[in-house]
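Undergrad: can't give you the sequence, but here's the structure:
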């Protein structure tokens with residue numbers, strides 16, 4: 001939700017010349033960065049403490065791995081990789097919002113708005129990849145996918161775990 005607000009409100013404010021709408025960009029970018037850092041740290045904690053009540057942790061690690069490999073296992077599936085990309089984008093957005101006082105307000109609002117829309121796109125792709133993976137898992141378990149199609153799917157995207 002914060003990415004949608006960051007993507008829409010500052011761009012509309014820059015278009016219509018509304019300073020109050022453009023001013024929304026900085027606090028929303030900070031909030032998005034804070035919440036994504038919390039999510040990433042929670043996932044990291046889940047991996048380091050072997051919290052197998054989390055399905056993602058249970059699918060991508062085991063209790064015998066050293067700590068370094070548990071951290072790397074966070075990026076094994078599509079969810080961890082997408083979370084890392086969105087986190088890096090939000091950190092850059094936070095850095096820009098911190099330094100945007102020296103930039104013209106319309107320019108800063110437009111740049112932060114575009115970064116918010118990129119965050120929305122990453123979140124959409126994350127949800128889409130998870131949905132497609134579950135659909136193809138069900139089709140594969142029923143024997144409805146050919147071997148050739150499974151090979152193409154596996155080469156284009158990460159193989160769905162099921």
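TA: Perfect, thanks for sending it. The structure displayed is predicted, hence computed values, not measured ones.

Undergrad: where does the prediction get shaky in this protein?
TA: 129-162 (pLDDT under 70).

Undergrad: let's see that with 50 instead.
TA: Across the chain, the ranges flagged by pLDDT under 50 are 160-162.

Undergrad: please enumerate the helices of it.
TA: 2-16, 19-22, 25-48, 55-60, 67-73, 78-99, 105-141, 147-156 (DSSP state H).

Undergrad: and among those helices, the most buried is which?
TA: Mean neighbours per residue, mean count of other Cβ atoms under 10 Å, is largest over the helices of the chain for helix 2-16, with a mean of 20. Yep, even glycine has a C-beta here, placed from its N, CA and C like the rest.

Undergrad: who's in contact with it?
TA: 18-25, 28-29, 31-32, 35, 93, 105-106, 109-110, 112-117, 119-120, 123 (Cβ atoms under 8 Å, 6 or more residues apart in numbering).

Undergrad: can you check stretch 18-33 too?
TA: 2-3, 5-6, 9-10, 12-14, 90-91, 93-94, 96-97, 100, 105-106, 108-109, 112-113, 115-116, 119.

Undergrad: do the same with stretch 76-95
TA: 6, 29-30, 32-33, 36-37, 39-40, 43, 56, 59-60, 73-75, 112, 115-116, 118-119, 122-123, 125-126, 129-130, 133, 157-158, 161.

Undergrad: if we use 6 Å, what do you get?
TA: The contact list for stretch 76-95, computed with Cβ atoms under 6 Å, 6 or more residues apart in numbering, reads 29-30, 32-33, 36, 40, 56, 60, 74-75, 115, 118-119, 122, 126, 129, 158.

Undergrad: stretch 97-105 too?
TA: 22, 26, 29, 108.
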